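K.L.:
generate coordinates for the sequence data below:
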Amino acid sequence: MGLLGGALSAAFFIRGLYANSTSYNVLVPLALTKLPAGALTAIVGLLFVSGDFIPGFTAIDKQSQILAYALAFGFAQQLFTQLLDQRARDLTANIPTKAKDIDANPPKSKES
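P.N.:
Alright, predicted model coming up:
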């Protein structure tokens, strides 16, 4: 369920992607890292809930509670991967593309 929560978060992340014309696309592999990150945060979150480390959460005593908590913690990995997402967006925004190069350096005319 944590993997499913991570996949849901990755789907929201991929929906907001923009295409660039470079061969350096780190955004899709970054979205794929959300899957194992969701599973890991679900496991850690369930350990914290079962150990009564998180105040306000009840002890886990039903399978439906375990599944709901795992899904929620799997989606919550977005809090941890958000810094990586922003860094990847900054990197891809600063990559020079052919379209930017053409606009910045228009071809010289033969008259000069």
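K.L.:
which SS state does Ile66 fall under?
P.N.:
helix (DSSP: H, G, I helix; E, B strand; the rest coil).
K.L.:
you'd agree it is up against Gly45?
P.N.:
No: at 10.8 Å, Ile66 and Gly45 do not qualify as touching, with contact defined as CB atoms under 8 Å. C-betas here are computed from N, CA, C, even on glycine.
K.L.:
quick one, which of the two is more surrounded?
P.N.:
For the pair Ile66 and Gly45, the greater number of neighbours falls to Gly45 (22 against 16), based on other CB atoms under 10 Å.
K.L.:
please enumerate the helices of the chain.
P.N.:
Taking DSSP state H to define them, one finds helices in the chain at 2-15, 27-32, 34-50, 63-75, 78-93, 98-104.
K.L.:
and the shortest one, what does it pack against?
P.N.:
Based on contacts counted as 3 or more CB pairs under 8 Å, 6 or more residues apart in numbering; DSSP states H and E, the elements that helix 27-32 packs against are helix 2-15, helix 78-93.
K.L.:
right, I'll call it a day here.
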